[in-house]
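Participant: Here's my sequence, what's the structure:
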Amino acid sequence: MPAASPSCTSKARRCCSTMHGMPAAPKRFSRRAGGRAIATSSWSVAAAHGYRDGEAIPIAFAEQIVGRIAASVDAPVTVDFEGGYSEDDGELADNVSRLLDLGVVGVNFEDRVVKGSGLYDIHRQARRIAAIRNAAEKRRIDLFINARTDIFFEQKDHAGPAVGEALDRAKAYADAGASGYFVPGVEDDALIGRICDNVSMPVALPHAKCS
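Facilitator: Numbers count the residues shown, from 1 in each chain. This is a model prediction of the structure:
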């Protein structure tokens, strides 16, 4: 199994802040503007090539795009990998391993069942995260796994009670090897405060920042 190159390992350590974007050229402009890392958006990448979001873009094509981006910038690159393009943990690990071989040092990985409905059970999603972490460790890459939960989209009319499950998911995901926690869909300041105060990982929210 190939070990991580020094440059890839260094990029992984620098994967702290991200800028969303699309093709390689705009990402170079992002770097010139002071961005310390580059992040792809699944919707943007898919839409730019005529596909819907939700893993409609073929994985091989997505890998080509990601490979071009990673080869065009010296910044850490993290990829919105949606649900990893597989229900099978072994295949999921293989999919992520190919991204690592392209130089990717971070992934956004969501708990929504992309090709189905609802969210994965907490323990099932934790096993999926563990499969990704194991794949990265085999390549000696300190992959930043940004674990996304869509619990507040699922329970948008019951945001208060949903905080408990959000915290349960955060703990399970962290224990499985997640590096950060992305929580879209929650807007109430008090609920955001509860999440940030009770999650051990860095927490990311749209238009907000806490750790």
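Participant: Can you list the low-confidence ranges for the protein?
Facilitator: Low-confidence segments of the chain (pLDDT under 70): 1-35, 207-211.
Participant: hmm, 80 instead?
Facilitator: Applying pLDDT under 80 to the chain flags the ranges 1-36, 207-211.
Participant: Please enumerate the helices of this structure.
Facilitator: Along the chain, the stretches classed as helices by DSSP state H are 6-13, 24-32, 42-48, 59-72, 89-101, 122-138, 151-154, 159-176, 189-198.
Participant: Spatially central residue in this structure, please.
Facilitator: Nearest residue to the geometric centre of the chain (C-alpha atoms, centre = their mean): Asn108, 0.7 Å.
Participant: Next one: that residue from Thr149, what distance?
Facilitator: As judged by C-beta to C-beta, to the nearest Å, Asn108 and Thr149 stand 11 Å apart. Where you see a C-beta, it was placed from the backbone N, CA and C, and this is true even at glycine.
Participant: list the residues that contact both of the two?
Facilitator: Taking C-beta atoms under 8 Å, 6 or more residues apart in numbering as the contact rule, Asn108 and Thr149 both touch Phe182.
Participant: that older thread, where's the residue nearest to the centre of the chain relative to Asp188, distance?
Facilitator: 23 Å.
Participant: One more: Ser86?
Facilitator: Going from Ser86 to Asp188 by C-beta to C-beta gives 35 Å.
Participant: next one: Val79
Facilitator: Taken as C-beta to C-beta, the span from Val79 to Asp188 is 30 Å.
Participant: Neighbour count for those two, which is higher?
Facilitator: Taking neighbours as other C-beta atoms under 10 Å, Val79 and Asp188 compare with Val79 leading, 27 against 12.
Participant: Apart from its chain neighbours, what residue comes closest to Leu167?
Facilitator: Nearest residue to Leu167, sequence neighbours excluded (C-beta to C-beta, 6 or more residues apart in numbering): Asn198, at 5.4 Å.
Participant: neighbours around Ala190, how many?
Facilitator: Using other C-beta under 10 Å, Ala190 is surrounded by 9 other residues.
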